[in-house]
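Visitor: give me the fold of what follows.
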Amino acid sequence: MRKTPDLSGISRRDFLRVSKRFGLSSTVLALGGLTGAITLPDLAKAAESTYDKRFGKEARFTLRYGAAGFNLRNLLIERNGILEFVRDVEERTDGELRVEFIGDNQICGQLDCVTRTQEGIIDMYSASTQNSAGGAPYFNVLDFAYMFPSRASQYYFFYHPRSNAILREPLERMHGIKFLFTHCELRGIMLGNAWRDRPLVTSVRDIAGTANRVTGTQLGRIAMELMQLNPRPIAWEETLDGLRQGLIDGAETWASAVAYANMSPVVSQCIDLRFFCGTEHTAMSAASFDRLDGDLQDAVMESSFLAQMAAQYSNEAALVNTVGFSDPQKPGTIFAEHGVRNAFLSPEALREAEEMCSPEFVPGPWNQWRERINGWSGGLDTYTETYDIAREIPADMLVENVEPRRWWRG
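Guide: Numbering: from 1, shown residues only. Modelled structure (predicted):
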């Protein structure tokens, strides 16, 4: 098994010095190819080699990639396929397509990466679909409560050819965004330090009345209101301070997001409520995609397919081995080191929550959004179709057993 690189010997200043000389993309890609304990000379040598390889010929197109707050350190925690995509698409095109990776919120953040792409400032981006829903409301199509019963069902949907009509085509037509690939987790509630000494939560009713951060998704708020979780819209970048200062009791997000954003020290319980999508996706400006020659378009799609598989397999491993989202919890993981307890709810408790907020059981609050999204889709019953697709596989199927499919080939 490949070892995760040890970056403890590389300071932020060291990284900036090397990236200033060889470029951020070359430095990040070089680090991603190293293992074991890494020194500054190791990094400089690898970055120089990567730079020489990437710039050995003139690129036909250069894509600016706004990766919100991502960098190499947190991409080793939440494995969402970004580095695999960049590396593969450049190699696949023999350098004719070059990607300028811009992370650490330098050009865009979770809430505005999608709008920066729509404005043509960047060509592609990575952010959560929920945070992107403010600039591209059709992303709400993914956020009906308990539409997806498992992470496996999410991956199954994104590989499914029918996802083109339900998600990708309306998104491109309405918002000029071409959805490429995504990591998949399901959102729960992450309780702050006030809950550290309290009993482990076993039911959503245990946290009724608490105030919790919510993303930009309008549908997530509906579910939280129905479960009496009092949604508070707070920007992702401000959530850590909100938890630290006790301004909110908890936050709706997913396990690896807590780990990669350094929230673990202020989170006491990770409640696996699974009530809607946590999907850190990568998308591209449809206009930028259309400007590419046909062979480069094919390369983007094939590299997206590879990145989708990388996210599917590597993030599942990272959840257990790096994050500590398992029972029993592995020692040395991020959650274990910070005392974050996982509250894995029983099937009965999950059913209780589902009956409180799902469109299957409480249709009224969802009807307006269902009609709106169905109209945007061109008349599909998007919720029912997605719900049914998500249940074409067994409820207990493991993520690694979901068959990868090239969704665009129908």
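Visitor: gap between A37 and P331?
Guide: 21 Å (Cβ to Cβ, to the nearest Å). C-beta: built from backbone N, CA, C; applies to glycine.
Visitor: between these two, who's got more neighbours?
Guide: The residue with more neighbours, out of A37 and P331 and counting by other Cβ atoms under 10 Å, is A37; that gives 13 against 8.
Visitor: that one and I10 touch, don't they?
Guide: No. Contact criterion Cβ atoms under 8 Å: A37 and I10 do not qualify, at 9.8 Å.
Visitor: got any ranges where this structure has weak pLDDT?
Guide: 1-5, 31-33, 51, 56 (pLDDT under 70).
Visitor: break it into its domains for me.
Guide: If you go by automatic domain parsing, the domain ranges for the chain are 12-183+279-320, 186-277+324-386.
Visitor: ok, V86 - contacts?
Guide: 25, 29, 65, 99, 101 (Cβ atoms under 8 Å, 6 or more residues apart in numbering).
Visitor: contacting residues around the second one?
Guide: L29 makes contact with 50, 54, 83, 86-87, 101 under the criterion Cβ under 8 Å, 6+ apart.
Visitor: and the fourth one, by the same measure?
Guide: With Cβ under 8 Å, 6+ apart as the criterion, the residues that contact V99 are 25, 62-63, 65, 86, 89-90, 124.
Visitor: just the buried ones from those?
Guide: Neighbour-count burial (16 or more other Cβ atoms under 10 Å) applied to the contacts of V99 gives 25, 63, 65, 86, 89-90, 124.
Visitor: those in strands, which ones?
Guide: 63, 65, 124 (DSSP state E).
Visitor: just checking, the first one touches E100?
Guide: Translated: L63. Yes. The pair L63 / E100 is scored as a contact, 6.8 Å apart, by Cβ under 8 Å.
Visitor: count the residues that sit near F335.
Guide: Here the number of neighbours of F335 (other Cβ under 10 Å) works out to 23.
Visitor: show me what whichever strand or helix holds it packs onto, helices and strands only.
Guide: For F335, the host element (DSSP states H and E) is helix 334-338. For helix 334-338, the packing partners by 3 or more Cβ pairs under 8 Å, 6 or more residues apart in numbering; DSSP states H and E come out as helix 255-260.
Visitor: okay, S25 and S346: tell me how far apart.
Guide: Applying Cβ to Cβ to S25 and S346 gives a distance of 46 Å.
Visitor: the nearest residue to K57 once chain neighbours are set aside - how many residues pack around it?
Guide: Leaving aside its chain neighbours, K57 sits nearest to G95 (4.9 Å; criterion: Cβ to Cβ, 6 or more residues apart in numbering). If you count neighbours by other Cβ under 10 Å, G95 ends up with 16.
Visitor: what residues are up against G95?
Guide: 53-57, 59.
Visitor: can you pick the most crowded of those?
Guide: R54 (21 neighbours).
Visitor: phi first, then psi, for A343.
Guide: Dihedral angles of A343 (phi, psi; degrees, to the nearest 10) stand at phi -100, psi 90.
Visitor: next, count neighbours for it.
Guide: Residues within reach of A343, counting by other Cβ under 10 Å, total 22.
Visitor: likewise S288?
Guide: Burial of S288 is recorded as 19 neighbouring residues (other Cβ under 10 Å).
Visitor: from what I can see S256 touches S314, true?
Guide: No. In this structure S256 lies outside contact range of S314 using Cβ under 8 Å: 11.0 Å.
Visitor: of these two, who's got more company?
Guide: S256 (24 against 19).
Visitor: check contacts around the residue nearest to the spatial centre of the chain.
Guide: Central residue of the chain (Cα atoms, centre = their mean): E280, 1.6 Å from the mean position. Applying Cβ under 8 Å, 6+ apart, we find E280 in contact with 78, 80, 126-128, 182-183, 257.
Visitor: from M356, how far out is it?
Guide: 27 Å.
Visitor: one more: R244?
Guide: R244 is 30 Å from M356, by Cβ to Cβ.
Visitor: more neighbours, the two?
Guide: The residue with more neighbours, out of R244 and M356, is M356; 19 against 13, by other Cβ under 10 Å.
Visitor: test my guess that that one contacts M227.
Guide: Yes. Between M356 and M227 a contact is recorded at 5.2 Å, counting by Cβ under 8 Å.
Visitor: mutual contacts of these two, please.
Guide: Residues touching both M356 and M227 (Cβ under 8 Å, 6+ apart) are V204.
Visitor: so where do the strands sit in this structure?
Guide: Counting by DSSP E, the strands of the chain are 61-66, 97-102, 124-128, 177-182, 185-186, 188-192, 212-214, 231-233, 250-253, 267-271, 277-278, 280-285, 341-343.
Visitor: which residues are in contact with the first one?
Guide: Counting by Cβ under 8 Å, 6+ apart, strand 61-66 makes contact with 86, 96-102, 107-108, 113, 116-117, 121-126, 284, 288, 291-292, 296, all of which sit outside it.
Visitor: try the last one
Guide: For strand 341-343, the external contacting residues (Cβ under 8 Å, 6+ apart) are 200-202, 255, 268-272, 324-327, 329, 335.
Visitor: could you identify the most distant pair in these?
Guide: T202 and G324 (19.8 Å; Cβ to Cβ).
Visitor: so for these two, which sits in the more crowded spot?
Guide: Neighbour totals were compared for T202 and G324, and G324 leads with 26 against 14 (other Cβ under 10 Å).
Visitor: now the more buried one: how far from D388?
Guide: From G324 over to D388 (counting by Cβ to Cβ), the distance is 34 Å.
Visitor: could I get the contacting residues of K20?
Guide: Counting by Cβ under 8 Å, 6+ apart, K20 has no contacts.
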